[in-house]
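>>> pasting the structure only:
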């Protein structure tokens, strides 16, 4: 029998570099997604919401498909399992994107931020229902901190929002996003992140294209193409490529590592990131209250992941 090992000889545990990397990916994804909110506000002044979604998904699908072919070859694309990811993308990201953008169109700038802050609730419910996750006190406290911080980061009062039809559409979109993210990362593990992202985005594009054609036939105002100028083209590229294609790829990769619950906690800092964008590019005013909200969200994210949560 070998001699017992002295406790001084046991190396210290290495930092959870995988979790750190996944959280950095999630931060990058949400920051890029936040770029789309100011861009959408500019574009919706002249564009119909459905036409804007279609162009956004078209550009995103093209960019993602190009990256996929470059990274893994056309053979990987051709031999991929398409049917189920297309269905998930159509329902979750297609309908979800339509609802969210129409919700932004028919409400105000307050409602989308408030509704997006509810993502951890739906993410937690999905993991409790489908993965039997136990909501330990540490995790519950982390979720509450993220919700409180997200609310503070909006910089508004709930009474300032117009809770009507637009709010309902945004509310429907959030669980659809959460469901699609969990499904694509958990039920299609053999697909790489770029394959998961591209197939679901193309699924969303197919559904939106069908809605767009029907809307054009009946003369729906939401299918109207808007102003095409150098400035609007720049906003379209930001809205489609940075805030959709790249953001979605990073989001799927991060959620595949962290799980939808932990990943969704990052979404509550969106109002703070939007404020940073507005300060840098639109000469807006810095808000220390929103910065405080983002700090509380960050504390919630870190605290909830300080130890492994039992399922």
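Great, that's in hand. The structure presented is a predicted model; accordingly, all values stated were derived computationally and were not measured. Numbers count the residues shown, from 1 in each chain.
>>> May I see the buried residues of the one helix or strand residue 36 maps to?
Assigned by DSSP states H and E, residue 36 belongs to helix 17-43. Neighbour counts using 16 or more other CB atoms under 10 Å place 22-23, 25-40, 42-43 of helix 17-43 among the buried residues. In this view, the C-beta of every residue, glycine as well, is placed from N, C-alpha and C.
>>> Kindly report the same for stretch 51-58.
51, 52, 53, 54, 55, 56, 57.
>>> Nearest to residue 64 among the residues you listed?
Closest approach to residue 64 among these (CB to CB): residue 57, at 10.1 Å.
>>> Kindly list the main-chain dihedrals of that closest one?
For residue 57, the backbone dihedrals (degrees, to the nearest 10) come out as phi -70, psi -30.
>>> Look up the closest residue to residue 279, ignoring the ones flanking it.
residue 286 (5.4 Å; CB to CB, 6 or more residues apart in numbering).
>>> Name the helix or strand for the one you found, please.
Taking DSSP H and E as the definition, residue 286 sits outside all helices and strands.
>>> Wait, it touches residue 275, no?
Yes. Judged on CB atoms under 8 Å, residue 286 makes contact with residue 275 at a distance of 7.3 Å.
>>> And these two? Which one has more around it.
residue 275 (23 against 10; other CB atoms under 10 Å).
>>> How much space separates the nearest residue to that one once chain neighbours are set aside from residue 142?
Distances taken as CB to CB, 6+ apart put residue 290 closest to residue 275, at 5.0 Å, once the chain neighbours are dropped. For residue 290, the distance to residue 142 equals 20 Å [CB to CB, to the nearest Å].
>>> of those two, who's got more company?
Neighbour count, other CB under 10 Å: between residue 290 and residue 142, residue 142 has more, with 25 against 22.
>>> buried ones in the helix or strand hosting that one?
Here residue 142 sits within helix 137-154, counting by DSSP H and E. Within helix 137-154, the residues scored as buried using 16+ other CB under 10 Å are 139, 142-143, 145-154.
>>> Past the helix-or-strand element of the chain with minimal mean pLDDT, which element shows up next along the chain?
Least confident helix or strand of the chain, by mean pLDDT, DSSP states H and E, is helix 110-116 with a mean of 69. Next along the chain after helix 110-116, taking DSSP H and E as the criterion, comes helix 119-131.
>>> Let me see the ranges of the helices in the chain.
With DSSP state H as the criterion, the chain has helices at 17-43, 49-78, 83-88, 96-105, 110-116, 119-131, 137-154, 165-186, 193-218, 230-237, 247-258, 260-265, 270-281, 288-304.
>>> For the first one, which helices and strands make contact with it?
If I follow you right, that is helix 17-43. Secondary-structure packing of helix 17-43 (3 or more CB pairs under 8 Å, 6 or more residues apart in numbering; DSSP states H and E): helix 230-237, helix 247-258, helix 270-281.
>>> now the angle between helix 49-78 and it, please.
140 degrees (axes from the mean of the first three to the mean of the last three CA atoms, to 10 degrees).
>>> And for the last one?
Angle, helix 288-304 to helix 49-78, by the same axes, to 10 degrees: 30 degrees.
>>> Surely residue 98 touches residue 54?
No. Using CB under 8 Å as the test, residue 98 is too far from residue 54 to be in contact (9.7 Å).
>>> got any residues that touch both of the two?
The overlap between the contact sets of residue 98 and residue 54 (CB atoms under 8 Å, 6 or more residues apart in numbering) consists of residue 208.
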